[in-house]
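S.K.: What would the 3D arrangement of this be:
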Amino acid sequence: MPLGELYDPGRGYLVNDTCVVEADVAVRKVIDYWSHDSKKETGYVGLKNQGATCYMNSLLQTLYHIPYIRKAVYHMPTTENDIPSGSIPLALQSLFYKLQYSDTSVATKELTKSFGWDTYDSFMQHDVQELNRVLCEKLEDKMKGTVVEGTIQQLFEGHHMNYIECINVDYKSTRKESFYDLQLDVKGCRDVYASFDKYVEVERLEGDNKYHAEQHGLQDARKGVLFIDFPPVLQLQLKRFEYDFMRDIMVKINDRYEFPLQLDLDRENGKYLSPEADRSVRNLYTLHSVLVHSGGVHGGHYYAYIRPTLSDQWFKFDDERVTKEDIKRALEEQYGGEEELAQTNPGFNNSPFKFTKYSNAYMLVYIRESDKEKIICNVDEKDIAEHLRIRLKKEQEEKEQKRKEKAEAHLYTIIKVAHSEDLLEQIGKDVYFDLVDHDKVRSFRIQKQITFNLFKEEVAKEFGIPVQFQRFWLWAKRQNHTYRPNRPLTPQEEAQSVGQLREVSNKANIAELRLFLEVEIGQDFRPVPPPEKTKEDILLFFKLYDPSKEELRYVGRLFVKGSGKPLDILKKLNEMAGFASDQEIELYEEIKFEPNVMCEHIDKRLTFRSSQLEDGDIVCYQKPSPVGSNEQCRYPDVPSFLEYMHNRQVYYDLIR
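M.R.: Here you go, the predicted structure:
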């Protein structure tokens, strides 16, 4: 303000040479969103944004916080055999249950899958009004034939009458239509009442635009809309986006647009109502939700201000975050329009700086006062089907357990133990190369400070193998990317803690500790102590190939001497395969399979050391292919079969 205005007696600022200055100071609470606990601070939780789905989150929160809808959704019939991703009712029940009882933000992926959205759809910014209508239509359809049939209609459906009335002759045409939401003009309207005035504004049909009235020909007429009844829950879509014909583009209308806390649609003697409207119904509404768009026509962010119980306390639901807000933030600051910034140097420029507010309301939800008690009803566990309660409680417990495990992960080590039974089950079925899929073996979650010797007692309980009969081998990743048992643990290593052992053994940078449990079985089929291993001993694993069946299977393991020869163990290999003791067999070393298969023939006359065999190596063997049998067997030997399996694996990886 210029000093001249302040000193002007006519302005009234100075009285007895005294000027009183009042300042309204508000300090907003700074929220640390990283540590903010929405449930603890507000009693409510948010929804996770799965990629530009904040528009959906704001709508879902609005619907959830209309308890009458939540109760109806809970009462929709579902079965324990339904899958949420394939059932809209179950997906919504699950979502609402988690919003009601979860302590953390809730995911919406199951719900979007139940809509039939693919990955691309779920990342597109859909039109909110379209989504609202689609969701209501789907719910209305799924509720047919159930105890909650007609709920959506009862809550959201209103009716208006389109009329055309001739001025000079006695002729009137009317048509009753239903609506679930109303689209109100923002441009040129200062508030909701002005939009309703425009909605029912009478249009004159005259001149070149006369109305053709059946038997009366072209006539001057009045055309308009009046409301027969309003719904208990009134959804107002504000037309913030419109097409600019001059510029041939869509634009966002950021004009100031006010909306009241209480909306009286009976104002001025029911000017919005048709003659047939029931005047005994009081159309006084209370604001429940304000859905906000922040940004421009090509994108932005959506969130909602909601009064779940219609009390004075407002809450802002912004994806995962929920915060308490005052009425000014929920109403006045969402009117849009321009805001003035005080000049930092008034002497330099007297004109205030104005900027357009791009955050403003685009949808309002009002609840009729006379229906408030019915709609803001109590919803508790008795409204939820027992099978749903059991199912969702179990999901919540599992989620909580996973969260706890994740929080305590640094205190634990995962130990994966493979043993002979795993090799027997997997080789030839799930696994053709190497020995085992470590994701399918027994996994133990062990505290890092526990000694490995104590862990062996856990293994004894799990597998029934006494501690003294257990010998553990470390796995190692070789330069050719194969993964094989490398060496047994030393007594000194077994005396260490589990955490120490994982650190010293983890050269492959694998998060877990992987072990192979060697158990020797005696003649009475009971475990016996493992034989002492010397530097001369080599642990080999054996696979048997049957060309006629195109079958590869695991048959066992043996310790051999480095100075020994395959000829020394042929009888034992035949016994393991179930062959005659003098059966001639061919031996191959499975060396690697990525990027290409390498499987080489083993000369039975050379020593194992000369063939460069070492601990953990795999030997595949088979009966020799008879001369002339190539036509009968597609893959007559181990190398050709492994090549075939490798090509098949590459093909399936490509088409996936």
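
S.K.: so where's the longest strand in this structure?
M.R.: strand 284-296 (DSSP state E).

S.K.: Which strands or helices does the next helix or strand after that strand pack on?
M.R.: Sequence-wise, the next helix or strand downstream of strand 284-296 (DSSP states H and E) is strand 299-306. Counting contacts by 3 or more Cβ pairs under 8 Å, 6 or more residues apart in numbering; DSSP states H and E, strand 299-306 packs against helix 54-64, strand 284-296, strand 314-318. C-beta here means a position set from N, CA and C on the backbone, and glycine is covered the same way.

S.K.: would you put the C-alpha positions of stretch 584-597 in PDB?
M.R.: This file holds the C-alpha atoms of stretch 584-597, laid out as PDB (Å, rounded to 0.1, in the frame of the first residue of the first chain):
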ATOM      1  CA  GLU A 584      30.400-102.100 -22.300                       C
ATOM      2  CA  ILE A 585      29.700 -98.400 -21.600                       C
ATOM      3  CA  GLU A 586      30.800 -95.100 -23.000                       C
ATOM      4  CA  LEU A 587      31.800 -92.200 -20.700                       C
ATOM      5  CA  TYR A 588      31.500 -88.500 -21.300                       C
ATOM      6  CA  GLU A 589      32.400 -85.500 -19.200                       C
ATOM      7  CA  GLU A 590      29.800 -82.800 -19.000                       C
ATOM      8  CA  ILE A 591      32.000 -79.700 -19.100                       C
ATOM      9  CA  LYS A 592      29.700 -76.700 -19.700                       C
ATOM     10  CA  PHE A 593      26.500 -75.600 -21.500                       C
ATOM     11  CA  GLU A 594      26.700 -71.900 -21.900                       C
ATOM     12  CA  PRO A 595      26.900 -70.300 -24.400                       C
ATOM     13  CA  ASN A 596      27.500 -73.700 -26.200                       C
ATOM     14  CA  VAL A 597      27.400 -77.300 -25.000                       C
END
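
S.K.: Give me the longest helix you can find in this protein.
M.R.: If you go by DSSP state H, the chain has its longest helix at helix 386-407.

S.K.: Just list what it packs against, helices and strands only.
M.R.: helix 88-101.

S.K.: go again using 6 Å as the cut-off
M.R.: If contacts are counted by 3 or more Cβ pairs under 6 Å, 6 or more residues apart in numbering; DSSP states H and E, helix 386-407 sits against no helix or strand.

S.K.: Report the mean confidence score over stretch 293-308.
M.R.: The average pLDDT for stretch 293-308 rounds to 89.

S.K.: Okay, now the unreliable bits of the stretch 451-600 of the chain?
M.R.: 506-510 (pLDDT under 70).

S.K.: ranges for the helices of it?
M.R.: For the stretch 451-600 of the chain, helices defined by DSSP state H, counting those that start in this stretch occupy the ranges 452-463, 491-494, 498-505, 570-577.

S.K.: Name the residues of the first one that come out as buried.
M.R.: This points to helix 452-463. Phe452, Phe455, Lys456, Val459, Phe463 (16 or more other Cβ atoms under 10 Å).

S.K.: By average pLDDT, which secondary structure element in this protein comes out worst?
M.R.: helix 119-122 (a mean of 52; mean pLDDT, DSSP states H and E).

S.K.: Strands along the stretch 551-656 of the chain, start to end?
M.R.: 551-561, 586-592, 598-601, 617-622 (DSSP state E, counting those that start in this stretch).

S.K.: ugh, typo on my part, it should be the stretch 201-350 of the chain
M.R.: Under DSSP E, counting those that start in this stretch, the stretch 201-350 of the chain gives strands at 203-205, 211-213, 217-219, 221-229, 233-239, 241-244, 249-252, 262-264, 284-296, 299-306, 314-318, 321-325, 338-341.

S.K.: between those strands, which gets nearest to Ser370?
M.R.: strand 284-296 (7.6 Å; Cβ to Cβ).

S.K.: what helices or strands is the closest one leaning on?
M.R.: With contacts taken as 3+ Cβ pairs under 6 Å, 6+ apart, strand 284-296 sits against strand 262-264, strand 299-306, strand 359-368.

S.K.: Quick one: closest of the ones you listed to Lys402.
M.R.: strand 299-306 (28.4 Å).

S.K.: Show the end-to-end separation of stretch 209-226, please.
M.R.: Separation of the first and last residues of stretch 209-226 by Cα to Cα, to the nearest Å is 22 Å.

S.K.: And the contacts of it?
M.R.: With Cβ atoms under 6 Å, 6 or more residues apart in numbering as the test, stretch 209-226 has contacts from 160-162, 164-167, 169, 171, 200, 202-203, 205-206, 274.

S.K.: Low-confidence ranges, this protein, go.
M.R.: Looking at the chain by pLDDT under 70, you get 1, 26-35, 52, 118-127, 340-355, 506-510, 626-631, 650-656.

S.K.: how's it carved up into domains?
M.R.: 39-152+382-403, 158-376, 408-528, 537-655 (automatic domain parsing).

S.K.: roughly how far apart are Ser274 and Ser548?
M.R.: To Ser548, Ser274 is 87 Å away according to Cβ to Cβ, to the nearest Å.

S.K.: neighbour count winner among the two?
M.R.: Ranked by neighbour count (other Cβ atoms under 10 Å), Ser274 and Ser548 place Ser274 first, with 19 against 11.

S.K.: could the helices and strands packed on strand 284-296 be laid out in a markdown table, adding mean neighbour count?
M.R.: Formatted as a markdown table, the helices and strands packed on strand 284-296 follow (neighbours: other Cβ atoms under 10 Å):
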| stretch | mean neighbour count |
| --- | --- |
| strand 262-264 | 15 |
| strand 299-306 | 20 |
| strand 359-368 | 23 |
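
S.K.: Now do stretch 362-378: distance from first to last residue.
M.R.: The first residue of stretch 362-378 is 29 Å away from its last residue (Cα to Cα).

S.K.: starting at the chain centroid, how far to that stretch?
M.R.: 30 Å (Cα atoms, centre = their mean, to the nearest Å).

S.K.: Give me the residues contacting that stretch.
M.R.: Residues outside stretch 362-378 that contact it (Cβ under 6 Å, 6+ apart): 62, 67-68, 232-238, 240, 259, 263, 282, 284-289, 291, 293, 310.

S.K.: Narrow those to just the buried residues.
M.R.: For the contacts of stretch 362-378, buried by 16+ other Cβ under 10 Å: 62, 67-68, 232-238, 240, 259, 263, 285-289, 291, 293.

S.K.: Check the gap between Ile591 and Phe317 for me.
M.R.: 60 Å.

S.K.: quick one: which of these two has more around it?
M.R.: Comparing Ile591 with Phe317 by other Cβ under 10 Å, the one with more neighbours is Phe317, at 30 against 15.

S.K.: Provide a list of residues in contact with that one.
M.R.: For Phe317, the contact set (Cβ under 6 Å, 6+ apart) comprises Gln61, Ala304.

S.K.: Please apply the same query to Lys561.
M.R.: Glu536.

S.K.: and the gap between Leu111 and Leu47?
M.R.: As judged by Cβ to Cβ, Leu111 and Leu47 stand 10 Å apart.

S.K.: likewise Gln334?
M.R.: Taking Cβ to Cβ as the measure, Gln334 and Leu47 are separated by 20 Å.

S.K.: the more surrounded of these two?
M.R.: A side-by-side neighbour count of Gln334 and Leu47, using other Cβ under 10 Å, places Leu47 first with 26 against 23.

S.K.: Show me what the more buried one is bridged to.
M.R.: Under DSSP bridges, the beta-bridge partners of Leu47 are Val106.

S.K.: just Lys176 next, same as before
M.R.: Met161.

S.K.: ditto for Leu287
M.R.: Tyr366.

S.K.: Go ahead and confirm it touches Leu261.
M.R.: Yes: at 5.2 Å, Leu287 and Leu261 qualify as touching, with contact defined as Cβ atoms under 6 Å.

S.K.: Pull the residues that contact stretch 578-592.
M.R.: Counting by Cβ under 6 Å, 6+ apart, 480, 482, 566, 571, 574, 598-602, 618-622, 624, 638 sit against stretch 578-592.

S.K.: got the strands of the stretch 201-350 of the chain as a markdown table, with distance to Ala194 columns?
M.R.: Shown next, in a markdown table, are the strands of the stretch 201-350 of the chain (distance: least, Cβ to Cβ, whole Å):
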| stretch | distance to Ala194 |
| --- | --- |
| strand 203-205 | 17 |
| strand 211-213 | 27 |
| strand 217-219 | 30 |
| strand 221-229 | 16 |
| strand 233-239 | 12 |
| strand 241-244 | 16 |
| strand 249-252 | 19 |
| strand 262-264 | 13 |
| strand 284-296 | 17 |
| strand 299-306 | 22 |
| strand 314-318 | 24 |
| strand 321-325 | 26 |
| strand 338-341 | 18 |
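
S.K.: Okay then, goodbye and thanks.
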